[in-house]
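# When you get a sec, could you give me coordinates for this:
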Amino acid sequence: MSNDKLCADPGELAEYSLTARRNSSLSPAGRYRVFCFICLVAMAIASAFTLLGAWLVLPFAGLEMAVLYLAFRYMDRHSEDFERITIKGDRMLLEIREGSETRSFEFHRYWAQVMLERDSFGALSRLAFRSHGREVEFGRSLTCEERATAAREIRKQLGH
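Model prediction:
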């Protein structure tokens with residue numbers, strides 16, 4: 001798939017491994033430079049309006065930069081997020097990393113069901129795995145086509 005969002009990994013001792021990642025087009029240093037540039041331009045414009053007598057522009061520009069800073073921090077915190085499925089023997093391991101938290105779910109290979117759900121417009125809106133009353137969503141950062149491809153491949157690997 002494009003942009004390394006979905007790639008099969010040759011994981012150590014694993015029969016099959018699939019990793020889904022968010023598309024992170026800027027490095028942390030690049031995001032910092034972009035933020036500084038936007039901040040510099042916005043504050044220069046706000047300062048010019050302040051000198052012309054529209055002093056209320058400056059505090060609102062500062063508020064806007066604070067919100068932008070929080071958005072960039074959120075992006076930094078989640079730039080390394082991933083979802084990984086590893087199949088080995090009769091086990092399927094699903095790892096989900098969000099921020100600094102990593103959660104793991106283990107399913108029996110032959111009992112795991114691959115669930116594809118469609119929204120009211122017919123698009124694939126959700127890919128999940130279900131077994132013994134437990135359901136875990138996978139591929140939230142993937143497109144509909146990538147979810148369908150992943151579901152087909154995983155079903156094949158699970159032997160369904």
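# use CA for all of it now, contacts and neighbours both
Fine.
# Please work out how many residues are found near residue 71.
12 (other C-alpha atoms under 10 Å).
# Show me how the record splits this protein into domains.
Under the assignment automatic domain parsing, the domains of the chain span 2-24+79-158, 28-77.
# Any chance of those in JSON lines with mean pLDDT as columns?
Converted to JSON lines, the domains of the chain look like this (pLDDT from 0 to 100):
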{"stretch": "domain 2-24+79-158", "mean pLDDT": "84"}
{"stretch": "domain 28-77", "mean pLDDT": "95"}
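# Burial-wise, tell me which of those domains comes out on top.
domain 2-24+79-158 (a mean of 16; mean count of other C-alpha atoms under 10 Å).
# All the strands of this structure, in order from the start?
6-8, 16-21, 82-88, 91-98, 101-108, 113-118, 124-131, 134-138 (DSSP state E).
# By residue count, what's the longest helix in the protein?
helix 28-51 (DSSP state H).
# Does anything pack onto that helix? Which helices or strands?
Contact here means 3 or more C-alpha pairs under 8 Å, 6 or more residues apart in numbering; DSSP states H and E; on that basis helix 28-51 packs against helix 57-77.
# Could you measure from the residue nearest the centre of the chain over to residue 45?
By C-alpha atoms, centre = their mean, the chain has its centre lying nearest to residue 22, at 3.8 Å. Look at residue 22 and residue 45: by C-alpha to C-alpha, to the nearest Å, they are 34 Å apart.
# now swap in residue 155 and tell me
56 Å.
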